[in-house]
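> Give me a model of this one.
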Amino acid sequence: MPTNIESFVKTLESEGVDAGKKAAMKIEAEAKEKADEINAEAKETANQIIAQAQAEAEKIKARMNSSLELAMRDAIFLLREKLSLQLKSILKLNIEKALNDEETLVNVLREVIPAYAKAGTENKTTTEINISKKTKSRLLETSLRELAHSLNNQNVQLDIGYNLAKEGFEYKIEGSTVEVSTDSVTSLLAEMIDPDLQQFLEKAAKAKD
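Got it, this is the predicted structure:
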């Protein structure tokens, strides 16, 4: 009898140990499976957070680039405006000085007037030239007389006046008026230079990229 009892106890112990092992293994497997699920979810969440952060960073970068481009464009525009104004100011000072210089004015008149006068016209043409009174001088009067004589040989009569209110001169022929003044020459030269200035600034902006 004792032997049977001892055997029974051993059997219970053996079965209990096996059951415990099985339960432990089941718990371990379930825990591992749960841990794997948690890790997978954590990785997915982390990837989503990283993707969102990268997308937001790209948006911020795009906005910054756009803002920088606009700022650069505005800066170039303001620089162009300031340079244009400064250029016109420099041109105006030099042109005004040149047109107030009698020798320069004489040379300009000798070049410009014959270019507009129509040589060899069949009918006598009268042209008018009006000059500022303050630039009237002996040299200018002498040069204009010589110019009038030269134009007369081309059937062009030159009438001279000294009533212009600004420096330079005004020239009229056959209903057309040509004004050579500080403002007109400055505007003409500024228009000629401005495209080159714009091209220079555009190249400078591209070099910064």
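
> check which helix or strand covers residue 129.
When elements are assigned from DSSP states H and E, residue 129 belongs to strand 125-132.

> What mean pLDDT does that strand get?
Strand 125-132 shows a mean pLDDT of 84.

> other SSEs contacting it?
Judged by 3 or more Cβ pairs under 8 Å, 6 or more residues apart in numbering; DSSP states H and E, the packing partners of strand 125-132 are helix 102-116, helix 138-152, strand 156-164, strand 169-173. Glycine gets a C-beta too; all of them are placed from N, C-alpha and C.

> Name the residue closest to the centre of the chain, please.
For the chain, the residue lying nearest the average C-alpha position, counting by Cα atoms, centre = their mean, turns out to be residue 76 (4.2 Å).

> Correct me if wrong, but it is in a helix.
Yes - membership of residue 76 in a helix is supported by DSSP: H, G, I helix; E, B strand; the rest coil.

> what's the spacing between residue 74 and residue 67?
10 Å (Cβ to Cβ, to the nearest Å).

> Also residue 200?
For residue 200, the distance to residue 67 equals 25 Å [Cβ to Cβ].

> what's the weakest-modelled helix or strand in this structure?
Lowest by mean pLDDT, DSSP states H and E among the helices and strands of the chain is helix 182-208, with a mean of 74.

> ok, the residue nearest to residue 127 when sequence neighbours are not counted - how many residues close by?
Leaving aside its chain neighbours, residue 127 sits nearest to residue 173 (4.0 Å; criterion: Cβ to Cβ, 6 or more residues apart in numbering). A count of neighbours around residue 173, defined by other Cβ atoms under 10 Å, yields 19.

> Repeat that for residue 197.
By other Cβ under 10 Å, 15 other residues sit near residue 197.

> can you pull the contacts of residue 195?
For residue 195, the contact set (Cβ atoms under 8 Å, 6 or more residues apart in numbering) is empty.

> If anything else comes up later, I'll come back, but that's it for now.
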